[in-house]
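Novice: next one to model:
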Amino acid sequence: MEKKFKVWAYKEGDPPLVHDGPCNNIYSTEGQFIDEMESGKSPFVARDPDEAHAFFVPLSVANVIGFVYKPITSVAGFSRDRLQRVFTDYITVVSHKYPYWNRSQGADHFMLSCHDWAPDVSRASPELYRYFIKVLCNANTSEGFQPERDVTLPEINLQFGHLSMSGIGLSPSKRTIFAFFAGKSHGHIRKILLYHWKDRDNEIRVHDRLPRGANYTKLMGNSKFCLCPSGYEVASPRVVESIYAGCVPVIISDHYVLPFSDILDWSKFSIQISIDRIPDIKVILQGITGRRYLMLQRRVMQARRHFVINRPAKSYDVTHMVLHSVWLRRLNLRLPY
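Specialist: Residues are numbered from 1 along each chain as shown. Take a look at the predicted model:
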């Protein structure tokens, strides 16, 4: 892939809706990826659209929401109509100017977004976007995400001026917290988790707010297992935060396609617990032998490089993993040249 794959980022349009995006906070991957593709430093960028294998639509859903939805009114402000029109208008422009969208019906084109509204881009015109590749944090199969066509994007919460989260925590033998979660009651899964475990157990430490003086990052780095329940949407930055902290992620979700799961075997470095087993979390985790835990933790550390953002991008980092996932889907496409 590194030697052959080429991507053309469309040049049409002006910032901030196009060719721009947030490079910090939970939507950081939008801006970072757009900038990487347009920095001129990526070896994957095609010099000419005719040599491209895939075509990137450099629209930022987060920026569309931030700029097009001002002011937000109580009813119309939360309609997806404006977002859908922006994308459809852009596709109309490039499909009239170039032959690439029409020859594949958009099957070699992709977008990338970490915003919760991103899955709604295609709902107004499902036939137009039938083959369009969506690279999304909100990879929810109950909302139209198709793993054989779409790509899951890790949700990475970057602080201003940083390209990575806080570093690795303590060694396994020095971690004194068995399992940890702290977060607000966002969504039904967290409500169930907090109902059963909030401040009830010294080993399964679950809080809706941190105790006074506690440091969230240090607590994760001192934990063997980090509980990663979905919130209002299926994705959570806790998954990547736990990997950065060297803490084995415990995924509690429904309809969520884990990042790069066509390449990475998540059973080798995480635990997945169904929602109906939330009351049994302690029993399940205590059933994991010390030997298996050490294997899981070691593989967390090995998987970490796939969730790192580098600028410029490096082999096996999150940008390369996204491009590789798009490349795999492009390999299955035969264009009528």
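Novice: wait, doesn't Ile271 sit right on Gly287?
Specialist: No: using CB atoms under 8 Å, Ile271 is not in contact with Gly287, being 10.2 Å away. Heads up, the C-betas are built off the backbone N, CA and C, glycines and all.
Novice: and the two? Which one has more around it.
Specialist: Between Ile271 and Gly287, Ile271 has the larger neighbour count (other CB atoms under 10 Å), namely 22 against 9.
Novice: can you give me the domain boundaries for the chain?
Specialist: 7-161+312-331, 172-307 (automatic domain parsing).
Novice: out of those domains, nearest to Met1?
Specialist: Nearest of the domains of the chain to Met1, taken as CB to CB: domain 7-161+312-331 at 4.8 Å.
Novice: what is the rounded mean pLDDT of that closest one?
Specialist: The average of the pLDDT scores along domain 7-161+312-331 is 93.
Novice: quick revisit: same list (the domains of the chain) but as TSV, adding distance to Met1.
Specialist: As requested, the domains of the chain are arranged in TSV below (distance: least, CB to CB, whole Å):
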stretch	distance to Met1
domain 7-161+312-331	5
domain 172-307	12
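Novice: three-state assignment of Asp276?
Specialist: Secondary structure state of Asp276, per DSSP: H, G, I helix; E, B strand; the rest coil, is helix.
Novice: using PDB, write down the CA coordinates of the lengthiest helix in the chain.
Specialist: Across the chain, the longest stretch assigned as helix under DSSP state H is helix 81-97. C-alpha atoms of helix 81-97 as PDB (Å, rounded to 0.1, in the frame of the first residue of the first chain):
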ATOM      1  CA  ASP A  81     -31.000  19.600   6.200                       C
ATOM      2  CA  ARG A  82     -28.300  22.200   6.100                       C
ATOM      3  CA  LEU A  83     -25.500  19.600   6.700                       C
ATOM      4  CA  GLN A  84     -26.900  17.400   4.000                       C
ATOM      5  CA  ARG A  85     -27.300  20.200   1.500                       C
ATOM      6  CA  VAL A  86     -23.600  21.200   2.000                       C
ATOM      7  CA  PHE A  87     -22.400  17.700   1.200                       C
ATOM      8  CA  THR A  88     -24.800  17.100  -1.700                       C
ATOM      9  CA  ASP A  89     -23.900  20.500  -3.300                       C
ATOM     10  CA  TYR A  90     -20.200  19.600  -3.000                       C
ATOM     11  CA  ILE A  91     -20.700  16.200  -4.600                       C
ATOM     12  CA  THR A  92     -22.700  17.800  -7.400                       C
ATOM     13  CA  VAL A  93     -19.900  20.300  -8.100                       C
ATOM     14  CA  VAL A  94     -17.100  17.600  -8.300                       C
ATOM     15  CA  SER A  95     -19.200  15.100 -10.100                       C
ATOM     16  CA  HIS A  96     -20.000  17.700 -12.900                       C
ATOM     17  CA  LYS A  97     -16.400  18.900 -13.100                       C
END
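Novice: what residues sit buried inside it?
Specialist: 83-84, 86-88, 90-91, 94-95 (16 or more other CB atoms under 10 Å).
Novice: next: stretch 101-108.
Specialist: 101, 104, 106-108.
Novice: can I get the CA coordinates of that stretch in PDB?
Specialist: This file holds the C-alpha atoms of stretch 101-108, laid out as PDB (Å, rounded to 0.1, in the frame of the first residue of the first chain):
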ATOM      1  CA  TRP A 101     -17.600  10.100  -9.000                       C
ATOM      2  CA  ASN A 102     -19.900   9.100 -11.800                       C
ATOM      3  CA  ARG A 103     -17.700   6.200 -13.100                       C
ATOM      4  CA  SER A 104     -17.800   4.500  -9.700                       C
ATOM      5  CA  GLN A 105     -21.100   5.900  -8.200                       C
ATOM      6  CA  GLY A 106     -18.800   7.300  -5.500                       C
ATOM      7  CA  ALA A 107     -17.500   3.900  -4.400                       C
ATOM      8  CA  ASP A 108     -13.800   5.100  -4.500                       C
END
